[in-house]
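J.: Just the structure for this:
(4 chains)
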2 protein chains.
Amino acid sequence: MKNKKVDRRILRTQGLIRKALIPLIVSKGYDAVTIQDVLDHANVGRSTFYAHFRDKDDLLLSGFDELMNELTAHVKNESLESQSKKKTVFKFSLPLLDHANQNRLLFKALLGNRGGVLVQKRAFEMVVELVKHELQADERSSKLSAIELEIKSHFYAGAFFSILKQWLEGRIKALPHELDLHFQNLCRI
Amino acid sequence: MKNKKVDRRILRTQGLIRKALIPLIVSKGYDAVTIQDVLDHANVGRSTFYAHFRDKDDLLLSGFDELMNELTAHVKNESLESQSKKKTVFKFSLPLLDHANQNRLLFKALLGNRGGVLVQKRAFEMVVELVKHELQADERSSKLSAIELEIKSHFYAGAFFSILKQWLEGRIKALPHELDLHFQNLCRI
DNA sequence: TATTATATCAAACAACATGTTCGAAATGTA
DNA sequence: TACATTTCGAACATGTTGTTTGATATAATA
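T.: The predicted structure follows:
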């Protein structure tokens, strides 16, 4: 499937640009970050940037998709393991919190107050899908109507996302498994 | 307290500018709205704008504060009335949904996908306060630790806000009281 | 290694947005 | 009416965006 070897320069350049973005988001907030900033910190020419990315949002999302793949892989693996242990309500929670904890800086940059709307939206949609998926797998919820499923999944996804953000901002001090426990306890379906 | 009569021109101008903003947010999204757009649609000179507002965010928030005062007044009134009727978990929900329903376009513009991060944050903080307030008034939750209160309030606020947004986007078709019922049912504390 | 392909670069560019300043004109207030 | 204040519009410096150019550097390949 992936036959074509990519020119090493392309990988190098894209890497430089992507890596330059994160610290800038952390320090200035996504909206305030200018393409010029990225250029300066990545030491890359203006025209080179536009050879690879359409604009700032494109850059952000391109890196984000990568991250998402890692994350979902991690979450699904861990979820399988924890399947047998306890009968928690939502299995995605702990692995996701773990992963967020390990990449705290990145997650805080993307999901925190300084992150952009775009990423927030995409990330939240992912959580909604995770919740929805587990609800459908659950026998108790299997007889939900479409609208009830919609409401329920957004309810729990919103709740989780909200807690996650507060936690990343440092306003909730807890270890991943502690926060997970709190979340699961509040989710008595 | 409010002795000084405000120059009619000021009220007129600020009104024109504020009113011009909302439809622009609806059509382009807040981030894409330019001050020049506002100037054109409000038929107001550039220097006049800066005589009243520091920048775009300032304009947005100035209108928002107004809205919030109305809203909280409405919510608190209605909450008192519904106090006796049923023992719902959260009393703020129905009045807030009602108010949002009556000003649907405005709410959708501010809280929806096209709204800005700033307003979202402020609005969400308001919901958090409402939830926290009711939790503290509830005898069952009175013995919560600070951190538990923090988690719990963000849990339910996030859940509510999430549903509210989906509802405003039209992806959940329901009347205010129906959505409220769904929310209350999911909130079995 | 030599050749070929293509990625990068710097520089310049037009288009646009921002925020400030100015005096003249319009409009409210008393 | 006379005065005070607001508005206007035009110009301005500054900064960002996205495109184009031909020269240069570097990777892939034979």
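J.: And DNA strand D, is the helix ranked longest in chain A touching that?
T.: Scanning chain A for the longest helix, with DSSP state H as the assignment, gives helix A:56-85. Yes: Helix A:56-85 reaches DNA strand D (C-beta under 7 Å from any atom of the strand) through residue A:56. Every C-beta, even on glycine, is put in place using the N, C-alpha and C of the backbone.
J.: next one: stretch A:110-126
T.: No: in terms of C-beta under 7 Å from any atom of the strand, no part of stretch A:110-126 sits within range of DNA strand D; the closest distance is 12.5 Å.
J.: That stretch near chain B anywhere?
T.: Yes: for stretch A:110-126, a contact with chain B is found by C-beta under 8 Å from any C-beta of the partner chain, at A:113, A:116-117, A:121, A:124.
J.: Endpoints of that stretch, how far apart?
T.: Counting by C-alpha to C-alpha, to the nearest Å, you get 14 Å between the two ends of stretch A:110-126.
J.: And the pLDDT for residue A:83?
T.: Listed pLDDT for residue A:83 reads 54.
J.: worst-scoring helix or strand of chain A, pLDDT-wise?
T.: One helix or strand of chain A scores below all others by mean pLDDT, DSSP states H and E: helix A:56-85, with a mean of 80.
J.: Distance from the chain centre to that one, please.
T.: 7 Å (C-alpha atoms, centre = their mean, to the nearest Å).
J.: Output the contacting helices and strands for that helix.
T.: helix A:8-28, helix A:35-42, helix A:93-102, helix A:104-111, helix A:117-137 (3 or more C-beta pairs under 8 Å, 6 or more residues apart in numbering or on different chains; DSSP states H and E).
J.: The first one to helix A:56-85, inter-axis angle?
T.: Computed by axes from the mean of the first three to the mean of the last three C-alpha atoms, to 10 degrees, the angle separating helix A:8-28 from helix A:56-85 equals 80 degrees.
J.: and the helices and strands packed on helix A:56-85 as JSON lines, adding mean neighbour count, mean pLDDT and distance to DNA strand C?
T.: Below are the helices and strands packed on helix A:56-85 laid out as JSON lines (neighbours: other C-beta atoms under 10 Å in any protein chain shown; pLDDT from 0 to 100; distance: least, C-beta to the nearest atom of the strand, whole Å):
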{"stretch": "helix A:8-28", "mean neighbour count": "15", "mean pLDDT": "96", "distance to DNA strand C": "3"}
{"stretch": "helix A:35-42", "mean neighbour count": "16", "mean pLDDT": "98", "distance to DNA strand C": "8"}
{"stretch": "helix A:93-102", "mean neighbour count": "20", "mean pLDDT": "95", "distance to DNA strand C": "30"}
{"stretch": "helix A:104-111", "mean neighbour count": "18", "mean pLDDT": "88", "distance to DNA strand C": "23"}
{"stretch": "helix A:117-137", "mean neighbour count": "18", "mean pLDDT": "92", "distance to DNA strand C": "17"}
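J.: which stretch among the ones you listed comes nearest residue A:54?
T.: When the helices and strands packed on helix A:56-85 are compared by C-beta to C-beta, helix A:35-42 sits nearest residue A:54, at 11.1 Å.
J.: and the next element down the chain from the closest one?
T.: Using DSSP states H and E, the helix or strand that follows helix A:35-42 in sequence is helix A:46-52.
J.: Give me the distance between that next one and the centre of its chain.
T.: That offset, for helix A:46-52, works out to 26 Å (C-alpha atoms, centre = their mean).
J.: who touches it?
T.: With contacts defined as C-beta atoms under 8 Å, 6 or more residues apart in numbering or on different chains, helix A:46-52 is touched by A:10, A:13-14, A:17, A:35, A:38-39.
J.: hang on, the earlier thing: tell me if the least confident helix or strand of chain A is near DNA strand C.
T.: No: judged by C-beta under 7 Å from any atom of the strand, helix A:56-85 stays clear of DNA strand C, getting no closer than 13.7 Å.
J.: what's the angle between that helix and helix A:104-111?
T.: Helix A:56-85 and helix A:104-111 are oriented at 120 degrees to each other (the same axes, to 10 degrees).
J.: domain parsing for chain A?
T.: For chain A, automatic domain parsing gives the domain ranges A:1-53, A:57-186.
J.: So which residues on chain A come close to DNA strand D?
T.: Going by C-beta under 7 Å from any atom of the strand, the residues of chain A near DNA strand D are A:5, A:7-9, A:12, A:34-36, A:46-47, A:50, A:55-56.
J.: of all the residues you listed, which two lie farthest apart?
T.: Applying C-beta to C-beta across the residues of chain A next to DNA strand D, the maximum distance is between A:5 and A:34, 33.5 Å.
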